[in-house]
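> this one's structure only:
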């Protein structure tokens, strides 16, 4: 995709809810630094994860030359991933990469202007705070936080800075989702009456890393630093590497999957949160020691707080059995449906 540095920044600034900027917006200094600078933007990797390798790396490689970006450092508290990350990025960038034992070392060295943050779910907000306090912009994987306390602390830190933070909700970049938002907001669809969200995945090994778990030794990492502000417990390599299966390190299906889909509801409707929600579920299939559910159903009520006679219902269901990983998002009005699997608006059911 051909895109200039100037156009890239303009698009980022218009990306709506996916981007958080300071309460003062774009400052003159940050505007000059991003748009007018000839200097290369030095990027660091906070957490050399599977996610980073699979998605961040190829996207970065598509655009870094034209945008004048460079990866210069990798921070990971596990020796294996730290060394692997430095070696892979050295091959990509054709120069040495600084391998940092932790984020404190990364920021103290004044190595970077911006960072990728792709650590464990519960760490994202705290690592964002570290980044903005070090004067860095950041691309942060979702979910942004697993507790409102962490969320509010990070939001406060970002708004009190002049840093640019983007959250990894990729639907915000999808042309089909922008078209759906435009169509619904135009009034042509009519009032939303119902939304059905589903995400079913029949993969016994989903979020499991048994081979990697066997390689992780406490002496090769920093368990206390991993836990951050979570209650202390003894070292557990599964919770370190398979954190998506365990609370309070992740909420599992809601944080990993529902967060993407429910975000479109807020985006298309303009509503910031539901009026109420009820959910249940359990661990019905995978008796492997996990604490997060393998099956979830949630029902939301959305609408204006001051008018309970209007609104709509949203259902989210997810199971980790008998599923083909074909996430569905279907919006209904009384006149028809907007289907984000087929990317069609039709009078079906209307």
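Alright, I've got the coordinates. Treat the numbers as computed from the prediction; the structure is a model and nothing was measured.

> so what's the closest residue to residue 328 other than its chain neighbours up against?
Once its chain neighbours are removed from consideration, residue 328 has its nearest residue in residue 198; the separation is 4.6 Å (Cβ to Cβ, 6 or more residues apart in numbering). C-beta coordinates here come from the backbone N, C-alpha and C atoms, glycine included. Contacts here follow Cβ atoms under 8 Å, 6 or more residues apart in numbering; on that basis residue 198 touches 316, 317, 318, 327, 328.

> give me that answer again for 7 Å
With contacts defined as Cβ atoms under 7 Å, 6 or more residues apart in numbering, the neighbours of residue 198 are 317, 318, 327, 328.

> What of residue 313?
With contacts taken as Cβ under 7 Å, 6+ apart, residue 313 has the following neighbours: 194, 299, 300, 301.

> quick one: it and residue 345, what's the gap?
Counting by Cβ to Cβ, to the nearest Å, the gap from residue 313 to residue 345 is 20 Å.

> Let me know the distance separating the residue nearest to residue 328 from residue 44.
For residue 198 relative to residue 44 (Cβ to Cβ), the value is 37 Å.

> likewise residue 210?
Residue 210 is 30 Å from residue 44, where distance means Cβ to Cβ.

> Between these two, tell me which one has more neighbours.
Neighbour totals were compared for residue 210 and residue 44, and residue 44 leads with 27 against 11 (other Cβ atoms under 10 Å).

> which stretches of this structure form helices?
Per DSSP state H, the chain carries helices over the ranges 5-13, 28-31, 50-51, 57-67, 79-93, 103-108, 124-133, 148-159, 175-185, 210-213, 223-227, 237-241, 253, 259-269.

> what angle separates the fourth one from helix 79-93?
Read it as helix 57-67. Helix 57-67 and helix 79-93 are oriented at 40 degrees to each other (axes from the mean of the first three to the mean of the last three Cα atoms, to 10 degrees).

> All further residue positions should be reported with the first residue as 500.
In the new numbering, first residue 500, that becomes helix 556-566.

> show me the contacts for residue 762.
668, 670.

> Residue 764 touches residue 813, doesn't it?
Yes: checked against Cβ atoms under 7 Å, the pair residue 764 and residue 813 is within contact range at 5.6 Å.

> Could you tell me which residues touch both of these two?
Both residue 764 and residue 813 are in contact with 694, 801, where contact means Cβ under 7 Å, 6+ apart.

> And residue 531, what's its pLDDT?
Reading off the confidence values, residue 531 has pLDDT 42.

> what do you get for residue 504?
In this model, residue 504 is scored at 47, pLDDT.

> what does residue 805 give?
Model confidence at residue 805 (pLDDT) stands at 87.

> Of the contacts of residue 812 - the most surrounded one?
For these, neighbours tallied by other Cβ under 10 Å; top is residue 799, 21 neighbours.

> Distance-wise, check it relative to residue 770.
For residue 799, the distance to residue 770 (Cβ to Cβ) stands at 10 Å.

> Spell out which residues are contacts of both of those two.
Contact with both residue 799 and residue 770 is made by no residue, according to Cβ under 7 Å, 6+ apart.

> Where does pLDDT dip in this protein?
Across the chain, residues meeting the criterion (pLDDT under 70) sit at 500-537.

> At the geometric centre of it, which residue sits there?
In the chain, the C-alpha closest to the average C-alpha coordinate belongs to residue 641, at a distance of 1.7 Å (Cα atoms, centre = their mean).

> Confirm for me that it is in contact with residue 666.
Yes: Residue 641 is in contact with residue 666 according to Cβ under 7 Å; the separation is 5.5 Å.

> who's the nearest residue to residue 831 once chain neighbours are set aside bridged to?
Counting by Cβ to Cβ, 6+ apart, residue 693 is the residue found nearest to residue 831 once chain neighbours are left out, at 4.3 Å. For residue 693, the beta-bridge partners are residue 812, residue 831 (DSSP bridges).

> what sits up against stretch 686-695?
Applying Cβ under 7 Å, 6+ apart, the set of residues contacting stretch 686-695 from outside is 682, 764, 768, 811-814, 827, 829-834, 837, 844.

> residue contacts, residue 540?
For residue 540, the contacting residues are 567, 568, 612, 613, by Cβ under 7 Å, 6+ apart.

> neighbour-wise, which of those residues leads?
Neighbour max across the contacts of residue 540 (other Cβ under 10 Å) = residue 612, 21 neighbours.

> For that residue, give its distance to residue 539.
Here the distance between residue 612 and residue 539 works out to 9 Å (Cβ to Cβ).

> same check, this time on residue 615
16 Å.

> re the thing from before, could you turn the buried ones of the contacts of stretch 686-695 into a PyMOL selection?
PyMOL command restricting the contacts of stretch 686-695 to the buried ones, with burial defined by 16 or more other Cβ atoms under 10 Å:
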select buried, resi 764+768+811+812+813+829+830+831+832+834+837+844
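
> Next, give me the two most distant ones among the contacts of stretch 686-695.
The distance between the two most remote of the contacts of stretch 686-695 (Cβ to Cβ) is 21.7 Å, for 682 and 814.

> before we move on, the earlier item: looking at residue 615 and residue 539, which has the bigger crowd around it?
Per other Cβ under 10 Å, whichever of residue 615 and residue 539 has more neighbours is residue 615, with 25 against 13.

> That one reaches residue 548, doesn't it?
No: with contact defined as Cβ under 7 Å, residue 615 does not count as touching residue 548 (9.4 Å).

> All set now, cheers.
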